[in-house]
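Visitor: Let's see this in three dimensions:
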Amino acid sequence: MNDNQFKFSTAVIGVPVFFVLFLWVIYWIQIRFDFDFYQNGIYPRDFFGLQGILFSPFIHENLEHLYNNSIPLFVLLTALQFFYPKQSFGVICYGILFSGLITWIIGRENFHIGASGLIYVLVSFIFFKGIQTKYYRLVALSLSVILLYGGMIWYVFPDVDAAISWEGHLAGFITGFGLSLYYKTSEYTKPIIYDWQKPDFDPSQDVFMKHFDEDGNFVNTEIPEEENENPNMYFNSNIIVNYIVTKSEPIDKGFEG
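Guide: As a prediction, the model looks like this:
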């Protein structure tokens, strides 16, 4: 893993800004022209309610609802775009689709709206993916997400708040975990540098490892006769190093104050 893979680009800020700004534009259109977008939300187990799978993340009940979703959405999208740029588009698109579909299946018979389902997708994906990679920067990111938004876990359970779609939260959490398993981030695995890191490495066939026992203790083994006849197997006698020793008089350059 190379830290240079984490590169800042305009998309790191551009994608979150565009997404959040789009939510605010939709809400402005809703209140400016008195549109009733609530009926475009997810209505569970109803064919007409399937449209909400695509539309519900962009619909919010009021200004407080929109504001509470905008900040975590911006932070999480920025982290996703910076640390997982190759997976970000898929996580967002599949996250909206599958979390919406699960909500449509398990949700209560009411309209479910808001971007909180996508927020739970991002929290779940970033947390589980970082733990799975075992790379220290991504593990630190996972822990940071838990410190910031760990309290959100309580809202995936019913009866916490009747006005909150816990079904959408639970659907987002499940979807994020599933996507963390689906995307194989091989670029975050440590590269193989040494022979002993290879899966097919056999210590008994390694010249250096022959000098150690199973407990790691040094064993004074003799070089086999056939290997002893070929000293260049271990040393290159064709390399000549000349050391020249010269004596020079000290030069008094004075002092600078």
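Visitor: residues in contact with residue 121?
Guide: With contacts defined as C-beta atoms under 8 Å, 6 or more residues apart in numbering, the neighbours of residue 121 are 91, 95-96, 99, 172-173, 175-176, 179. Yep, even glycine has a C-beta here, placed from its N, CA and C like the rest.
Visitor: repeat for residue 177
Guide: By C-beta under 8 Å, 6+ apart, the contact list for residue 177 reads 124-125, 128.
Visitor: Most neighbours among the residues you listed, which one?
Guide: residue 125 (31 neighbours; other C-beta atoms under 10 Å).
Visitor: ok, now how distant is that residue from residue 80?
Guide: In this view, residue 125 and residue 80 are 7 Å apart by C-beta to C-beta, to the nearest Å.
Visitor: try residue 26
Guide: Taking C-beta to C-beta, one finds residue 26 at 21 Å from residue 80.
Visitor: Look at those two and report which has more neighbours.
Guide: residue 80 (25 against 17).
Visitor: any idea which helix or strand carries the more buried one?
Guide: Using DSSP states H and E, residue 80 falls within helix 63-83.
Visitor: Next secondary structure after that helix?
Guide: Next helix or strand after helix 63-83 toward the C-terminus (DSSP H and E): helix 88-106.
Visitor: elements contacting that next one?
Guide: On a contact count with 3 or more C-beta pairs under 8 Å, 6 or more residues apart in numbering; DSSP states H and E, helix 88-106 meets helix 52-55, helix 63-83, helix 116-133, helix 166-182.
Visitor: again, only this time at 10 Å
Guide: Under the contact definition 3 or more C-beta pairs under 10 Å, 6 or more residues apart in numbering; DSSP states H and E, helix 88-106 sits against helix 10-32, helix 52-55, helix 63-83, helix 116-133, helix 166-182.
Visitor: now the angle from the first one to helix 88-106?
Guide: An angle of 40 degrees separates the directions of helix 10-32 and helix 88-106 when computed by axes from the mean of the first three to the mean of the last three C-alpha atoms, to 10 degrees.
Visitor: about what we covered before: mean neighbour count, the helices and strands packed on helix 88-106: which tops it?
Guide: Comparing these by mean neighbour count (mean count of other C-beta atoms under 10 Å), helix 116-133 comes out on top with a mean of 25.
Visitor: for it, what is the average pLDDT?
Guide: For helix 116-133, mean pLDDT rounds to 96.
Visitor: Check stretch 159-168 too.
Guide: Across stretch 159-168, pLDDT averages out at 89.
Visitor: Format the helices and strands packed on helix 88-106 as a markdown table; extra columns: distance to residue 150.
Guide: Conversion of those to a markdown table gives the following (distance: least, C-beta to C-beta, whole Å):
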| stretch | distance to residue 150 |
| --- | --- |
| helix 10-32 | 21 |
| helix 52-55 | 27 |
| helix 63-83 | 12 |
| helix 116-133 | 9 |
| helix 166-182 | 12 |
